[in-house]
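Peer 1: Predicted model and sequence follow; I will ask about them next.
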Amino acid sequence: MANPGLKILLIEDDGAIAKVIQLELEHQGHEMEVAADGQEGLKKALAGAWDVILLDVMLPYLNGYEVCKQVRGQKDTPILLLTAKDEIQDKVFGLDLGADDYLTKPFAMEELMARMRAVLRRRNAAPQRKDERRLKFHELELNQDTYQVFFSGQEIHLTKKEFELLALFMEHPNHVLTREQILENVWGFDYYGDTNVVDVYLRFLRIKIEEKFKVHYLHTVRGVGYALRGED
């Protein structure tokens, strides 16, 4: 991996899977610690300073979603969910709780390491210039420092991924963005997840902005992608 010597917490109740991941990542030069249930995992997650947390969803005592929610309430540590669930809504739920990405079991170790690289690359990206922190498009205003969005002064409550998706569009108004460009910028360059996650989040934004305020800004360009532009 490009980031040697990471300190990684693995929260996984399947001993065989945990052992394989631990041995492989330690072979790559990383420091590993393992927790076998949600309660132990949460305690270790909050007590330690981790570069990445690999978090199984189906855990005894406290499920991975609840662990993710509680960790994210106190720390900004990158979290990669490991899930046996292949439903897009389950994945969206985890992302909305603050997870940085998800990986569906069974997976190859190469894909796990690629996802970790993508998460760390996004977290280590250079901060934007101060004059780029506030974005405006017609009645929409977005503040990247406070994670707030307003329409004509009325606040719109968005999840983290919804906010990041809207910010991407507002940084490139009137430009058509393909699904691949959106996945690269919001979910990471090595993102291998479902491309229809983009459609799901577009639908969320349309409900919270377009349907609520009776506007049409998020346009579908058939066969190409999506664009933020004024109403037709």
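Peer 2: Structure's in. What do you need?
Peer 1: What's opposite the closest residue to Phe107 other than its chain neighbours in the beta bridge?
Peer 2: Using C-beta to C-beta, 6 or more residues apart in numbering and skipping the chain neighbours, the partner closest in space to Phe107 is Leu82 (7.8 Å). Heads up, the C-betas are built off the backbone N, CA and C, glycines and all. Beta-bridge partners for Leu82, by DSSP bridges, are Asp56, Leu103.
Peer 1: contacting residues for Leu82?
Peer 2: 12, 54-57, 64, 102-103, 105, 107 (C-beta atoms under 8 Å, 6 or more residues apart in numbering).
Peer 1: How about Glu24?
Peer 2: Contacts for Glu24 were tallied using C-beta under 8 Å, 6+ apart; they are Met109.
Peer 1: element containing it, please.
Peer 2: Taking DSSP states H and E as the definition, Glu24 sits inside helix 15-27.
Peer 1: who's in contact with Gly153?
Peer 2: Neighbour list for Gly153: empty [criterion: C-beta under 8 Å, 6+ apart].
Peer 1: mind listing what's buried in stretch 110-119?
Peer 2: For stretch 110-119, the buried set under the neighbour-count rule, 16 or more other C-beta atoms under 10 Å, comprises 112-119.
Peer 1: Show me where this protein has its helices.
Peer 2: 15-27, 38-47, 64-72, 88-96, 109-123, 160-171, 179-182, 196-205, 212-213 (DSSP state H).
Peer 1: In a markdown table: the ones you listed, plus mean pLDDT.
Peer 2: As requested, these are arranged in a markdown table below (pLDDT from 0 to 100):
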| stretch | mean pLDDT |
| --- | --- |
| helix 15-27 | 93 |
| helix 38-47 | 95 |
| helix 64-72 | 93 |
| helix 88-96 | 81 |
| helix 109-123 | 84 |
| helix 160-171 | 92 |
| helix 179-182 | 86 |
| helix 196-205 | 89 |
| helix 212-213 | 92 |
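Peer 1: Name the nearest residue to Ile17, sequence neighbours excluded.
Peer 2: Ile17 sits nearest to Lys105 (C-beta to C-beta, 6+ apart), 7.7 Å away.
Peer 1: and that neighbour, backbone torsions?
Peer 2: Note on Lys105: backbone dihedrals following degrees, to the nearest 10 are phi -70, psi 150.
Peer 1: For the closest residue to Ala49 other than its chain neighbours, give the beta-bridge partners.
Peer 2: In space, Ala49 comes closest to Lys7 once its chain neighbours are excluded; the distance is 6.9 Å by C-beta to C-beta, 6+ apart. Bridge pairing for Lys7 (DSSP bridges) gives the partners Glu31.
Peer 1: Number of residues surrounding Lys7?
Peer 2: Per other C-beta atoms under 10 Å, the neighbour tally for Lys7 reads 13.
Peer 1: I'd guessed it sits against Trp50; true?
Peer 2: Yes. If you go by C-beta atoms under 8 Å, Lys7 and Trp50 touch, sitting 5.5 Å apart.
Peer 1: ok, the residue nearest to Ala49 to Gln74 distance?
Peer 2: 17 Å (C-beta to C-beta, to the nearest Å).
Peer 1: quick revisit: measure the residue nearest to Phe107 to Arg134 for me?
Peer 2: Per C-beta to C-beta, Leu82 is found 37 Å from Arg134.
Peer 1: Run a quick neighbour tally on Gln28.
Peer 2: Gln28, neighbours per other C-beta under 10 Å, totals 17.
Peer 1: ditto for Thr104
Peer 2: Thr104 - counted by other C-beta under 10 Å - has 18 other residues nearby.
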